[in-house]
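Peer 1: quick check, what structure comes out for this input:
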Amino acid sequence: MEAFTNAVENGSQMLEMDCHLTKDGHVVVSHDENLKRQTGMDKDISSLNLEELPLYKERLEVEFNAGHENKSGTDRKIALLEDVFRKFPKIPVSIEIKVDNPQLMREVSALVKRYDRESITLWASEDAKILNKCRSVNGSMPYSFSKQRGVLLLLLYYTGLLPFVPVGESVLQFYLPRIINRTYKPEKPEILKKSWVVSLIDKITMRTNLFKHLAERGIQVHLFVCNKNEDIKAAFDLGATGVMTDYPTLLSTYVKTHVGVVDPDSSSTPEEEHQRLKQT
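Peer 2: Just a heads-up that it's a prediction; the model follows:
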């Protein structure tokens, strides 16, 4: 919660997080299902009750900035999704669901409805099967492209059919390929460690005309994870409408200097945010 508060105070206009379900049915915010990397306890969140969850380590490696660590600050508790909604009622949130757990999807949906956030809370998952289940639980929430749908998007783009095909997604979230093997060193798949593969991915996916077409259709393009000014610049130069970072102060400073003023005190109605997230 301390990190989210810092991000919003520095002008971040959207929060991105992964959610998991505790044994006693609480939705918590955590990148990993298994807690060993984050806390030192080698247990899954689903095997523990909320009160049994351990604290974060005092220092955590920044996954997308190899060799760097962040202090966790004074608040080391694993956050409840409900606390995020209470604290930031007007801030759009992207929720990635990584595990095929229908109860988790139902609980997330119930919280979204309870806090009247259906227009500004995004379903996200790389897995099309999981994302389809999320949408069946709550079809009123905007949703992102799955990995499979992203491949189809590229096929439609390169065949020239994209302008004629309806697209239901509201956001495309994708790596900025240039960070791979530089600030981000993936362990798997092994093929990503080959420079020619990353170069090919970059050439195929980072198409300014594609991003412009999506933006004209009201579909946002968010590139991640940009932890250096040069990468933030590259993302915006490509036509990204949003940039994900582990360093919100760095991003807000860049935006103020190069793009425009970020006013953390400015607010918009849920309806206005809905127009930003929902496909026109």
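
Peer 1: for the protein, which segments count as strands?
Peer 2: When assigned using DSSP state E, the strands of the chain occupy the ranges 15-21, 27-29, 59-61, 69-71, 93-96, 121-124, 171-175, 220-224, 242-243.

Peer 1: which elements pack onto the shortest one?
Peer 2: So the one you mean is strand 242-243. Taking 3 or more CB pairs under 8 Å, 6 or more residues apart in numbering; DSSP states H and E as the contact definition, the neighbouring helices and strands of strand 242-243 are strand 220-224, helix 229-238. Every C-beta, even on glycine, is put in place using the N, C-alpha and C of the backbone.

Peer 1: need these in JSON lines (columns: mean neighbour count and distance to Leu210).
Peer 2: Listed next are the helices and strands packed on strand 242-243 as JSON lines, based on neighbours: other CB atoms under 10 Å; distance: least, CB to CB, whole Å:
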{"stretch": "strand 220-224", "mean neighbour count": "22", "distance to Leu210": "8"}
{"stretch": "helix 229-238", "mean neighbour count": "18", "distance to Leu210": "9"}
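
Peer 1: quick check: which of the strands of the chain is buried the most?
Peer 2: For these, average neighbour numbers computed from mean count of other CB atoms under 10 Å are highest in strand 121-124, which has a mean of 25.

Peer 1: show the average pLDDT along it.
Peer 2: Averaged over strand 121-124, pLDDT sits at 98.

Peer 1: what does stretch 178-185 give?
Peer 2: Computed over stretch 178-185, the average pLDDT equals 95.

Peer 1: who are the contact partners of the closest residue to Ile97 other than its chain neighbours?
Peer 2: Distances taken as CB to CB, 6 or more residues apart in numbering put Ser125 closest to Ile97, at 4.9 Å, once the chain neighbours are dropped. The contact partners of Ser125, by CB atoms under 8 Å, 6 or more residues apart in numbering, come to Glu96, Ile97, Lys98, Leu131, Cys134, Ser144, Ser146.

Peer 1: now do 10 Å
Peer 2: Residues touching Ser125, when contacts are defined by CB atoms under 10 Å, 6 or more residues apart in numbering, comprise 18, 95-100, 105, 131-135, 143-147.

Peer 1: which stretches of this protein form helices?
Peer 2: Secondary structure of the chain, counting by DSSP state H: helices at 2-9, 36-39, 81-87, 102-114, 128-137, 147-159, 195-205, 208-216, 229-238, 248-254, 270-277.

Peer 1: could those go into a markdown table alongside mean pLDDT and distance to Gly168?
Peer 2: Converted to a markdown table, these look like this (pLDDT from 0 to 100; distance: least, CB to CB, whole Å):
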| stretch | mean pLDDT | distance to Gly168 |
| --- | --- | --- |
| helix 2-9 | 94 | 29 |
| helix 36-39 | 95 | 34 |
| helix 81-87 | 98 | 24 |
| helix 102-114 | 98 | 18 |
| helix 128-137 | 98 | 9 |
| helix 147-159 | 98 | 9 |
| helix 195-205 | 97 | 20 |
| helix 208-216 | 98 | 13 |
| helix 229-238 | 97 | 23 |
| helix 248-254 | 95 | 29 |
| helix 270-277 | 48 | 13 |
